[in-house]
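**Q** Provided below are the primary sequence and the corresponding predicted coordinates.
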Amino acid sequence: MYTIRKVLMKSVEQHISDLLGLVSTPEATELDLLKAQGTVLAAPIVSPVSLPGFDNSAMDGYAVHAADLAGASAEAPVSLPVVADIPAGDPDPAAIRPGLCARIMTGAPLPTGADAVVPVEWTDGGAVDVRIDRPTRPGSFVRRRGEDVEEGATVLRAGARIGAGEMGVLAAVGRRSVPVRPRPRVVVLSTGEELVEPGRPLGPGQIYESNSYMIAAAARDEGCEVYRHGFVGDDPATVWDTLEGLLVRADVVVTTGGVSMGVYDVVKEVLTRQGTVEFTQVAMQPGKPQGFGTIGPDKTPILTLPGNPVSAFVSFHLFVRPVLRRLRGLQPNPLPSVRARLTTPVSSPQGRRSYLRAVLAGPAAGDGVPTVAPAVRQGSHQLSALADANGLLVVPEEVTELPAGALAEVLVLPDR
Ligand SMILES: Nc1nc2c(c(=O)[nH]1)N[C@H]1C(S)=C(S)[C@@H](COP(=O)(O)OP(=O)(O)OC[C@H]3O[C@@H](n4cnc5c(N)ncnc54)[C@H](O)[C@@H]3O)O[C@H]1N2
Ligand code: MOO
């Protein structure tokens, strides 16, 4: 039997705020540098060394006393005896007296006495004596100790996300491990009796399971450690047992399906019994039916997304992402947004905010405003457009039509 209950829809903002109430940023952990990619620093990083650590050569060439080359020219080159060869890594290069020079390689320590480097291209390349055909200045092609980073300087702030550049800086200042927020462990579970694992034969009425793959991928893109359990059918006991068994792996559980009004909406049925998960309707399209709360002895946060694939996708980016960001130690900011000009008209249900899959592109006219082309297929079950979409076009609750040429807000989906 259907149980009909009219529910007042809540706003997207209220739902995000309710979800954020479920989580706080966890304690820091020390991670090996290689494992820290994509995590967020829990403390500032102070450099124990200067960069460069010593004065060194910026070029392959000759370490000289600049004063020795005063007046050097193509017509009247200066000739200097070459008294040493200094490779990079030389622990103790011999000092160079005035009137002498040393061959030096890029990155090699500047010998005492020398105050400039002459690139090999300005010379005849001599190994015993070298002819140099132009003058130079003290400091030329010398990389000074500490000119990049002073010992004791803060090189990365707490809250910085470790990407390639940060990784380079950390290694360069000698860090082997870093204090970071632990990568959130996300368990993804889909429900539905009709679902079949991709790669297997499909029976009548069955469909391939796609949500858990999609949500797992999205959570991995957000820097999480994901355990995709796959899916279970609509048997309440199996759903609960599976969820309970998965809790040890989870900092947060994300399910899809079984949260609407159907008599087999098993997630809603099973979790409503727990009394710690609330089911609600959000004034949006797609993504209206949502559930959230905690389960198990450790009060593990759970977000139950609707089963329609496009609804699950949009729900992830609007609701799951901020939760994961807070767990990662980042600000739970929404997706960045831009104003763009619509290429075709769109419509939207009264009272629900639409998030239409769309392609954002550069300006078509000279006004510098980007364009946004809504996908043709906008049904909650039509996931083909997800492959190309790079934005979610927002149509406010009170707006039911927007003409071509109108300016609209577009949420920019993460780069893939
Ligand atoms: N009488 C009403 N019916 C529905 C309402 C409503 O308000 N009143 N809401 C509709 C909306 S909006 C949505 S969204 C869906 C959400 O339903 P559920 O969360 O209960 O999801 P299911 O019924 O399990 O599935 C919906 C749809 O999505 C397909 N699906 C589910 N899981 C997967 C998966 N892992 N991979 C691929 N496809 C999946 C499923 O086969 C269904 O077609 O409810 C509407 N109904
Ligand atoms: O709101 Mo449902 O999420 O349209 O498809």
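**A** Right, received. Where do you want to start? Numbering: from 1, shown residues only. Ligands and ions are numbered 1, 2, ... in the order given.
**Q** need the residues of this structure near ligand 1, please.
**A** By the rule Cβ under 6 Å from any ligand atom, the part of the chain lying against ligand 1 is 190, 192, 194-195, 207, 209-212, 231, 256-262, 265, 286, 288-289, 306-309, 311, 380-381. From N, CA and C alone the C-beta is placed, and that goes for glycine too.
**Q** and ligand 2, which of these contact it?
**A** 286, 288, 306, 308, 311, 380.
**Q** could you export the residues you listed as CSV, including neighbour count, pLDDT and secondary structure?
**A** Shown next, in CSV, are those (neighbours: other Cβ atoms under 10 Å; pLDDT from 0 to 100; DSSP: H, G, I helix; E, B strand; the rest coil):
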residue, neighbour count, pLDDT, secondary structure
P286, 23, 98, coil
K288, 21, 97, coil
P306, 26, 97, coil
N308, 23, 97, coil
S311, 26, 98, helix
S380, 18, 95, coil
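**Q** among those, which one lies nearest to P87?
**A** Of all those, S311 has the smallest distance to P87: 62.7 Å, by Cβ to Cβ.
**Q** you'd agree that closest one is up against G379?
**A** No - the pair S311 and G379 does not pass the contact test of Cβ atoms under 8 Å, sitting 10.1 Å apart.
**Q** how about the contacts made by the residue in the chain positioned nearest to ligand 1?
**A** With Cβ to the nearest ligand atom as the measure, G307 is the residue of the chain nearest to ligand 1, at 2.5 Å. Contact partners of G307, counting by Cβ atoms under 8 Å, 6 or more residues apart in numbering, are 190-192, 211, 256-260.
**Q** which SS class is it?
**A** Three-state assignment for G307 (DSSP: H, G, I helix; E, B strand; the rest coil): coil.
**Q** buried residues in stretch 92-103?
**A** By 16 or more other Cβ atoms under 10 Å, the buried positions in stretch 92-103 come out as 93, 96, 100-103.
**Q** so which of those residues belong to strands?
**A** Mapping the buried residues of stretch 92-103 onto strands (DSSP state E) picks out 101-103.
**Q** now the strands for the stretch 201-350 of the chain?
**A** 207-208, 225-232, 252-256, 277-281, 284-285, 289-295, 300-305, 337-342, 346-347 (DSSP state E, counting those that start in this stretch).
**Q** so which bits of the fourth one are buried?
**A** Just to be clear, that refers to strand 277-281. 277, 279-281.
**Q** for stretch 212-227, buried residues please.
**A** Residues of stretch 212-227 classed as buried: 212, 214-216, 218-219, 221-224, 226-227 (neighbour count, 16+ other Cβ under 10 Å).
**Q** residues in contact with that stretch?
**A** Under the criterion Cβ under 8 Å, 6+ apart, residues 38-40, 161, 183-190, 198, 228-231, 246, 249-250, 254, 256, 305, 309, 312-313, 316-317, 320-321, 324-325, 328, 383, 386, 414, 416 lie in contact with stretch 212-227.
**Q** same thing with stretch 104-118?
**A** 54-66, 69, 84, 86-90, 93-98, 101-102, 132, 136-142.
**Q** any of those buried? List them.
**A** Buried by 16+ other Cβ under 10 Å: 55-57, 59-66, 69, 84, 86, 90, 93, 96, 101-102, 132, 136, 140-142, out of the contacts of stretch 104-118.
**Q** report the strands that pair with the strand of greatest length in the chain, each with its relative direction.
**A** Ranked by residue count and defined by DSSP E, the top strand of the chain is strand 353-363. Partners of strand 353-363 in the sheet, by DSSP bridges, are strand 284-285 (parallel), strand 370-374 (antiparallel), strand 391-395 (antiparallel).
**Q** what separates the shortest one from the chain centre, distance-wise?
**A** Between the mean C-alpha point of strand 284-285 and the mean C-alpha point of its chain there is a distance of 26 Å (Cα atoms, centre = their mean, to the nearest Å).
**Q** show me the shaky parts of the stretch 1-150 of the chain.
**A** In the predicted model of the stretch 1-150 of the chain, residues 1-7 satisfy pLDDT under 70.
**Q** quick one: residues contacting the residue lying closest to L195 once chain neighbours are set aside.
**A** Once flanking residues are discounted, L195 sits nearest to E209: 4.0 Å by Cβ to Cβ, 6 or more residues apart in numbering. With contact taken as Cβ under 8 Å, 6+ apart, E209 is in contact with 190, 192, 195-198, 230-231.
**Q** all the helices of this protein, residue numbers only.
**A** Ranges of helices in the chain, per DSSP state H, are 12-20, 164-172, 211-221, 236-246, 266-274, 309-315, 321-328.
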